[in-house]
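Visitor: Here is my input; please provide its structure:
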Amino acid sequence: MSQPRPPVYWPIDAIELGDHLLEIGRARASGATARAPRRARSNDWLAKPLPERRTRLAYTRAFSADQHKRMAFGLIPQGTDDRWFIYIESDQLFFHRGWTGYCIFTVQLVPSGMEYAVAEAWVNRDPSEYTQTDSEADIRLLDDLIEMLLQENLE
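Guide: Here you go, the predicted model:
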């Protein structure tokens, strides 16, 4: 089975991404959902590896077992307006751009008592794939994406 071909990519800026996240929030508030019909896997969409040009983020957070379960469901783009493909493998979350397949973030989770803690988080720094260079902005975006994922997969 061949992977879907993404449409031509136009770079997105932070304001446009913020608007998109607001649209998702409004859709959730109205009861709409784009939840994947099953758990997302790496071969469900175009997924390129995180390039060697990367930066470790100072991102710390812990998740309950229920939150981990919801994150593990992932997010498979349902249309061209869905900008992220997210999946988990071996407790590592991968965040790929839906149109290009570029890996923008990875987050390694480790069990810590009754929770899962972030062991490390990385961001793409290849300027041909991702032009953001502000780590603080990247941390905010990553946190927003995780919150979106948690909301997306409410049971």
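Visitor: switch to C-alpha atoms for all contacts and neighbour counts from now on
Guide: Noted.
Visitor: Sort out which residues of stretch 140-155 are buried, please.
Guide: Residues of stretch 140-155 classed as buried: 141-142, 145-146, 148-153 (neighbour count, 16 or more other Cα atoms under 10 Å).
Visitor: Can you tell me which of these is closest to Arg83?
Guide: Among these, Leu145 lies closest to Arg83 (Cα to Cα), at 10.8 Å.
Visitor: so where's this structure shaky on pLDDT?
Guide: Where the chain drops to pLDDT under 70, the residues are 1-37, 155.
Visitor: Let's see that with 90 instead.
Guide: Residues of the chain meeting the criterion pLDDT under 90: 1-39, 77-82, 99, 152-155.
Visitor: Helices along that one, start to end?
Guide: Secondary structure of the chain by DSSP state H: the helices cover 14-29, 65-73, 135-152.
Visitor: neighbours around Ser90, how many?
Guide: Residues near Ser90, counting by other Cα atoms under 10 Å, number 9.
Visitor: what's the answer for Lys48, then?
Guide: Lys48 has 14 nearby residues by other Cα under 10 Å.
Visitor: Equivalent analysis for Thr100, please.
Guide: A total of 20 residues lie near Thr100 under the criterion other Cα under 10 Å.
Visitor: Trp122 touches Cys103, doesn't it?
Guide: No. Using Cα atoms under 8 Å as the test, Trp122 is too far from Cys103 to be in contact (10.0 Å).
Visitor: who has more neighbours, these two?
Guide: Neighbours were counted for Trp122 and for Cys103 using other Cα under 10 Å; Cys103 has more, 25 against 22.
Visitor: thought Ala117 was touching Gln92?
Guide: No. Here Ala117 does not reach Gln92: they are 11.2 Å apart, not a contact under Cα under 8 Å.
Visitor: overlap in contacts of these two?
Guide: By Cα atoms under 8 Å, 6 or more residues apart in numbering, Ala117 and Gln92 have these common neighbours: Leu109.
Visitor: what's the burial count for Ala47?
Guide: By other Cα under 10 Å, 23 other residues sit near Ala47.
Visitor: Which residue, neighbours along the chain excluded, lies closest to it?
Guide: Spatial nearest neighbour of Ala47, chain neighbours left out: Gly101 (4.5 Å); criterion: Cα to Cα, 6 or more residues apart in numbering.
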